[in-house]
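Student: Sequence plus the predicted model coming up.
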Amino acid sequence: MLKTAVCVAGTEPVLKIKDQQTGEVATDRETGESLYTVTVMLMEDGRAEIMKITVPQSGLAAGLKPGAMVRPVDLFATPWARIFNGQLSDGVAYRAARLELVAVEAAQ
């Protein structure tokens with residue numbers, strides 16, 4: 001991500017569900033911590049992209065709410081693909097160690 005990139009939270013953190021039928025919550029494989037998904041708008045060079053970023057509960061900044069500027073820390077992307085009912089689905093899964101709030105300086 002370029003230093004000119006701006007990330008804005010688009011949603012409140014939502015608990016990630018591993019199994020919709022049982023309601024089992026997704027957890028971090030190493031720590032067992034609950035995982036959350038936050039929709040973030042990445043704006044860079046006149047373009048915007050919507051990303052759903054998975055973050056462990058301890059990585060959610062206090063006061064994180066829609067419209068807050070954030071900085072994903074240790075963000076990585078994992079491409080995925082699967083065939084379901086004969087149809088190919090693919091995309092990119094985003095994961096970050098944490099989302100930090102970014103202080104915005106008032107315009108003079």
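Tutor: Sure thing, it's come through. Treat the numbers as computed from the prediction; the structure is a model and nothing was measured.

Student: Which parts of this structure are strands?
Tutor: For the chain, the strands defined by DSSP state E cover 6-9, 14-15, 17-19, 24-25, 35-44, 47-56, 69-73, 76-84, 87-95, 98-101.

Student: is it possible to export the ones you listed to a markdown table including mean pLDDT, distance to residue 63 and mean neighbour count?
Tutor: Every residue, glycine included, has its C-beta placed from N, CA and C. Putting those into a markdown table (pLDDT from 0 to 100; distance: least, CB to CB, whole Å; neighbours: other CB atoms under 10 Å) gives the following:
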| stretch | mean pLDDT | distance to residue 63 | mean neighbour count |
| --- | --- | --- | --- |
| strand 6-9 | 92 | 10 | 19 |
| strand 14-15 | 96 | 17 | 12 |
| strand 17-19 | 91 | 24 | 11 |
| strand 24-25 | 94 | 23 | 12 |
| strand 35-44 | 95 | 13 | 18 |
| strand 47-56 | 94 | 15 | 16 |
| strand 69-73 | 94 | 11 | 17 |
| strand 76-84 | 92 | 25 | 9 |
| strand 87-95 | 92 | 21 | 12 |
| strand 98-101 | 95 | 6 | 18 |
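
Student: Relative to residue 62, which of those strands is closest?
Tutor: strand 98-101 (8.2 Å; CB to CB).

Student: thinking again about what came up before, can you lay out the strands of the chain as TSV showing distance to residue 62?
Tutor: Converted to TSV, these look like this (distance: least, CB to CB, whole Å):
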stretch	distance to residue 62
strand 6-9	13
strand 14-15	17
strand 17-19	24
strand 24-25	21
strand 35-44	14
strand 47-56	13
strand 69-73	12
strand 76-84	24
strand 87-95	21
strand 98-101	8
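
Student: so the residue lying closest to residue 63 once chain neighbours are set aside bridges to which residues?
Tutor: Of all residues not flanking residue 63 in the chain, residue 101 sits nearest, at 6.2 Å (CB to CB, 6 or more residues apart in numbering). Beta bridges link residue 101 to residue 70, judged by DSSP bridges.

Student: shouldn't residue 101 be in contact with residue 65?
Tutor: No - if you go by CB atoms under 8 Å, residue 101 and residue 65 don't touch, sitting 9.6 Å apart.
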